[in-house]
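> Have a look; sequence and predicted model below, questions after that.
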Amino acid sequence: MEEQGTRDIVIVGAGISGLSTAVGLQRLGIRSMVLESSDKLRATGFAFTTWFNAWKAMEALGVSQHVRDLHDLLQGWVVGHISPGNPSKEMLFPKSEEYESRCVQRKVLLEALADKLPQGTIRFSSKVVHIELSGYYKMVHLSDGTILKTKVLVGCDGVNSVVGKWLGFKNPATTSRLAIRGLTHFPQGHGFGKKFFQFYGNGVRSGFIPCDHNTVYWFLTHTCTELDEETNQEKLKEFVLNKLKDLPENIKSVVETTDLDSMVMSRLKYRPPWELLWANIAKHNVCVAGDALHPMTPDIGQGGCSAMEDGVILARCLGEAIKLKGEREDEYKRIEQGLKKYAGERKWRSIDLITTAYTVGFIQQSTGKWMNLLRDKFLSSFLSRLLLKKSHFDCGRLVS
């Protein structure tokens, strides 16, 4: 086994939360090492909608303008029933930073964040298999036999987090719902304008969101037992088109045009919010962020946005602890207090987002007669406002 030198901070996972944390630390003058199990950056899910809180985080991380330049500003959304004969409702966004929304391609965001890091910060093909204590340090064992010694260990390694398991987290709960996502490219332009189209009913929730003039991201969530992780792409597309058969032709054409390798399906998972009441979000010099902390259903579009919040707040709390010089024991105590502060800031925010997302998903995909009537007549506008309300969160600057 090869033991390398001591690192100040090792971050496991080069996803949105991991790279956001690394960039935040770098902007504070603190180097970190990011371990990624894959051999390249992974953009699972293709794209996600960004709201006010995400843009505040991107501004703190220095990538907001680059990402804005590559994605269209959404002007509003159109919400309708998936069955014919039900009029759609349209809501235009006020021209205010509080309503800034764009559908951002994950690959673009990850590359923008990675470009802010010094060469060699991300160590690819580095799978963590074991974590052990060593005094004030953690020893991180990789699958290739390498051992890394670090003052701080941050788990941003997703829903099946190795670091989360070390902290005592249980596996996330799996819902009965699945999500099928796709990204469609139109060389001559898609003609959708700049609005978020969402359809629901009959146990289905689906959305179509332009990223730019040529690209549309779409999704469909459904409670289904017909499909599993092994289902081939042709059957997935056939399933989606069947569920959307009553929608306008221009909407269905987005799915029809999607390349089979630009579709993905997954079961929706979430962290039961009560687990976070007593969980160790941080313990000594170890913590978790992003999906390792708060996996949630996608119903309020806050998974990626809140992961960036995590990164900025964690970098700020760690920066305050790491930048001060002193004896190792004193530094360890400052790190412990910094991570405790981070955990305190993220605990209730995470509980709130997980709970709201699950509740909104339950209401929107209900097939019960009375719930459908209540939702269609009274709740649709409320749910839209609720989504915007949960995004009105400012993570603050890197230096408090």
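Yep, that arrived.

> quick check, residue 304 in a helix?
Yes. The assignment for residue 304 by DSSP: H, G, I helix; E, B strand; the rest coil puts it in a helix.

> Identify the residues contacting the spatially most central residue of the chain.
Geometric centre of the chain, nearest residue: residue 304, 2.4 Å, by C-alpha atoms, centre = their mean. Residues near residue 304 by C-beta atoms under 8 Å, 6 or more residues apart in numbering: 16, 48, 50, 54, 104, 106, 109. Backbone N, C-alpha and C define where each C-beta goes, glycine included.

> backbone phi and psi for the fifth one, please?
When you say that, I think you mean residue 104. Residue 104 adopts backbone torsions of phi -100, psi 130, taken as degrees, to the nearest 10.

> Skip the chain neighbours and tell me the closest residue to it.
residue 50 (5.0 Å; C-beta to C-beta, 6 or more residues apart in numbering).

> now for the lengthiest helix in the chain, which elements pack on it?
Determined from DSSP state H, the single longest helix within the chain is helix 328-364. For helix 328-364, the packing partners by 3 or more C-beta pairs under 8 Å, 6 or more residues apart in numbering; DSSP states H and E come out as strand 146-155, strand 263-270, helix 275-278, strand 282-283, strand 286-288, helix 303-322, helix 380-391.

> run the last query once more with 6 Å
Packing partners of helix 328-364 (3 or more C-beta pairs under 6 Å, 6 or more residues apart in numbering; DSSP states H and E): helix 275-278, strand 282-283, helix 303-322.

> So which elements touch the first one?
Looking back up the chat, that one is helix 275-278. Judged by 3+ C-beta pairs under 6 Å, 6+ apart, helix 275-278 is in contact with helix 328-364.

> Could you check the angle the helix it packs on makes with strand 263-270?
With axes from the mean of the first three to the mean of the last three C-alpha atoms, to 10 degrees defining the directions, helix 328-364 sits at 110 degrees from strand 263-270.

> related to what we said a few turns ago, determine how far the longest helix of the chain lies from the middle of the whole chain.
Mean-position distance between helix 328-364 and its chain equals 15 Å (C-alpha atoms, centre = their mean, to the nearest Å).

> what does stretch 218-227 give?
19 Å.

> Name the residues of it that are buried.
218-222, 224 (16 or more other C-beta atoms under 10 Å).

> could those go into CSV alongside pLDDT and distance to residue 145?
Output for the buried residues of stretch 218-227, formatted as CSV (pLDDT from 0 to 100; distance: C-beta to C-beta, whole Å):
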residue, pLDDT, distance to residue 145
218, 97, 43
219, 95, 40
220, 94, 43
221, 90, 41
222, 87, 44
224, 73, 43
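
> Among those residues, which lie within helices?
Per DSSP H, those never map to helices.

> Including distance to residue 295, could those go into a markdown table?
What follows is the buried residues of stretch 218-227, written out as a markdown table (distance: C-beta to C-beta, whole Å):
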| residue | distance to residue 295 |
| --- | --- |
| 218 | 22 |
| 219 | 17 |
| 220 | 20 |
| 221 | 15 |
| 222 | 19 |
| 224 | 20 |
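
> for the residues you listed, which one is nearest residue 42?
Nearest to residue 42 among those is residue 219, at 18.1 Å by C-beta to C-beta.

> isn't the closest one right up against residue 181?
Yes. Taking C-beta atoms under 6 Å as the definition, residue 219 is a contact partner of residue 181 at 4.7 Å.

> and the residue of the chain positioned farthest from its centre, how far is that from residue 253?
The C-alpha centroid of the chain is most remote from residue 327, which lies 37.2 Å away (C-alpha atoms, centre = their mean). From residue 327 across to residue 253, the span is 66 Å (C-beta to C-beta, to the nearest Å).

> Out of the helices and strands in the protein, which is least certain?
helix 369-374 (a mean of 54; mean pLDDT, DSSP states H and E).

> Contacts only, for residue 214.
Neighbouring residues of residue 214 by C-beta atoms under 6 Å, 6 or more residues apart in numbering: 185-186.

> mind redoing it with 8 Å?
Residue 214 touches 185-187, 189-190, counting by C-beta under 8 Å, 6+ apart.

> Which pLDDT value goes with it?
You'll see residue 214 listed with a pLDDT of 96.

> And it, its phi and psi?
Torsion angles, degrees, to the nearest 10, at residue 214: phi -110, psi -10.

> The strand ranked longest in the chain: partners in the sheet, and parallel or antiparallel?
The longest strand of the chain (DSSP state E) is strand 173-185. Partner strands for strand 173-185, per DSSP bridges, with pairing direction: strand 215-223 (antiparallel), strand 263-270 (antiparallel).
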